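Peer 1: missing the sequence, but the structure's below:
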């Protein structure tokens, strides 16, 4: 895996995710383009392949991924002070659903020219039990 020499020259991106979790966040996400995303929490790790798509443009794919990740956390009621405990407790099923939802949004963005993210109606609902 390639490193981020300008940020952490002696770490892989996944080592950096782990180091960030040690600093306090409940969730860390890494987009890896065609290699697919990784989500890491204290409850587990999820890695998905990228969704197959005919790429028209990759501009905005990472932004779409992160926006959908936040929207998915909202659907799981895991945002803000009221959702803090739920965010900390997200297990592998919820992490997989979040990664798939955000992955889908990035794929839609890549399938169109320009930074043209999907509308919520274009994404299937996030499928995961709210804990």
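Peer 2: Cool, got the structure. What you are looking at is a predicted structure, and each value in this text was computed from that prediction instead of being measured.
Peer 1: For residue 91, which non-adjacent residue is closest in space?
Peer 2: Of all residues not flanking residue 91 in the chain, residue 43 sits nearest, at 5.1 Å (C-beta to C-beta, 6 or more residues apart in numbering). C-betas here are computed from N, CA, C, even on glycine.
Peer 1: Stretch 11-19 - what's its average pLDDT?
Peer 2: For stretch 11-19, mean pLDDT is 90.
Peer 1: repeat for stretch 85-99
Peer 2: Stretch 85-99 comes out at a mean pLDDT of 94.
Peer 1: buried stuff in that stretch?
Peer 2: 86-87, 90, 94-99 (16 or more other C-beta atoms under 10 Å).
Peer 1: Put together a markdown table for those residues, with secondary structure on each row.
Peer 2: Output for the buried residues of stretch 85-99, formatted as a markdown table (DSSP: H, G, I helix; E, B strand; the rest coil):
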| residue | secondary structure |
| --- | --- |
| 86 | helix |
| 87 | helix |
| 90 | coil |
| 94 | helix |
| 95 | helix |
| 96 | helix |
| 97 | helix |
| 98 | helix |
| 99 | helix |
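Peer 1: between these, which is nearest residue 24?
Peer 2: Lowest distance from residue 24 to the buried residues of stretch 85-99 (C-beta to C-beta) belongs to residue 87, with 12.1 Å.
Peer 1: for the protein, which spans come out with low pLDDT?
Peer 2: For the chain, the stretches with pLDDT under 70 are 1-5, 128-131.
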